[in-house]
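Chemist: heads up, no residue letters with this:
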């Protein structure tokens with residue numbers, strides 16, 4: 001599900017930028033879900049693709065969204081009432097790092113990223129029918145119901161700590177909070193006992 005969301009955002013962002021400025025970015029931009037650094041300390045993104053402009057999407061944090069908590073529930077499977085755990089709702093934080101030909105082109109890329117999310121703050125299948133087009137058959141748990149994106153501001157100290165943790169040199173960047181991604185296992189946990197008695201108390 002995380003992969004579905006991040007791949008979808010990267011594809012839509014690439015299409016958006018190419019449409020906005022085809023003269024500069026058509027076939028010249030890559031939007032890549034990737035870490036910034038490899039475990040050996042080398043840079044993770046190579047120049048093999050040949051694109052002059054790159055935007056790197058890096059997952060930098062995950063938090064549980066307790067506001068969106070829901071209760072356990074029962075459902076019917078093969079004519080039997082069975083118990084399901086509640087979904088785990090997550091907020092994720094995506095770092096968008098700009099790599100252009102120079103600093104000014106990095107700033108232009110940042111402007112397009114912000115403009116993209118200002119135009120599309122909510123993604124669902126009503127507006128984007130292909131939202132779950134890459135989900136494999138029989139793996140419905142990979143599907144996304146809705147993506148909501150909000151700009152997330154870091155203080156100077158938080159930004160310094162983030163880039164130190166990534167082990168990378170600072171690049172022009174912006175962080176977006178992506179919510180809410182719900183993990184739901186479609187397999188029931190146990191069969192619910194049949195209801196044999198109902199007691200009503202009048203207090």
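Modeler: Nice, I can see it. Not measured: the values here are computed from a predicted model.

Chemist: need the longest helix for the chain.
Modeler: If you go by DSSP state H, the chain has its longest helix at helix 2-20.

Chemist: what's the burial count for residue 143?
Modeler: Using other CB atoms under 10 Å, the number of residues around residue 143 comes to 14. Where C-beta positions appear, they are placed from N, C-alpha and C, glycine not excepted.

Chemist: go on, the one 5 residues further on?
Modeler: Taking other CB under 10 Å as the criterion, the count of residues near residue 148 is 14.

Chemist: list the residues that contact it.
Modeler: Contacts for residue 148 were tallied using CB atoms under 8 Å, 6 or more residues apart in numbering; they are 121-123, 178-180.

Chemist: re earlier: neighbouring contacts of the longest helix of the chain?
Modeler: Outside helix 2-20, the residues touching it (CB under 8 Å, 6+ apart) are 25-26, 29-33, 55, 57, 59, 92, 94, 109, 112-113, 115-116, 119-120, 123, 128, 131-132, 134-135, 142-144, 147, 149, 178, 181.

Chemist: apply 6 Å and report the result again.
Modeler: 25-26, 29, 31, 33, 57, 112, 116, 142, 144, 147, 181 (CB atoms under 6 Å, 6 or more residues apart in numbering).

Chemist: mark which of those are buried, thanks.
Modeler: The neighbour count (16 or more other CB atoms under 10 Å) marks 25, 29, 31, 33, 57, 112, 116, 144, 147, 181 as buried among those.

Chemist: what would the residues you listed look like in TSV with distance to residue 165 and pLDDT?
Modeler: Formatted as TSV, the buried ones among the contacts of helix 2-20 follow (distance: CB to CB, whole Å; pLDDT from 0 to 100):
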residue	distance to residue 165	pLDDT
25	31	86
29	27	92
31	23	94
33	18	94
57	17	96
112	26	96
116	26	96
144	27	77
147	25	87
181	22	63
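
Chemist: which of those residues fall in strands?
Modeler: Within the buried ones among the contacts of helix 2-20, residues falling in strands by DSSP state E are 29, 31, 33, 57, 147, 181.

Chemist: can I get those residues in a markdown table including distance to residue 41?
Modeler: Shown next, in a markdown table, are these (distance: CB to CB, whole Å):
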| residue | distance to residue 41 |
| --- | --- |
| 29 | 27 |
| 31 | 24 |
| 33 | 21 |
| 57 | 21 |
| 147 | 33 |
| 181 | 31 |
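
Chemist: in the protein, which spans are strands?
Modeler: Using DSSP E, strands in the chain cover 29-33, 53-64, 73-77, 80-84, 88-99, 122-124, 146-152, 173-183, 190-191.

Chemist: any stretches of this structure with poor pLDDT?
Modeler: 47-49, 67-85, 135-142, 180-203 (pLDDT under 70).
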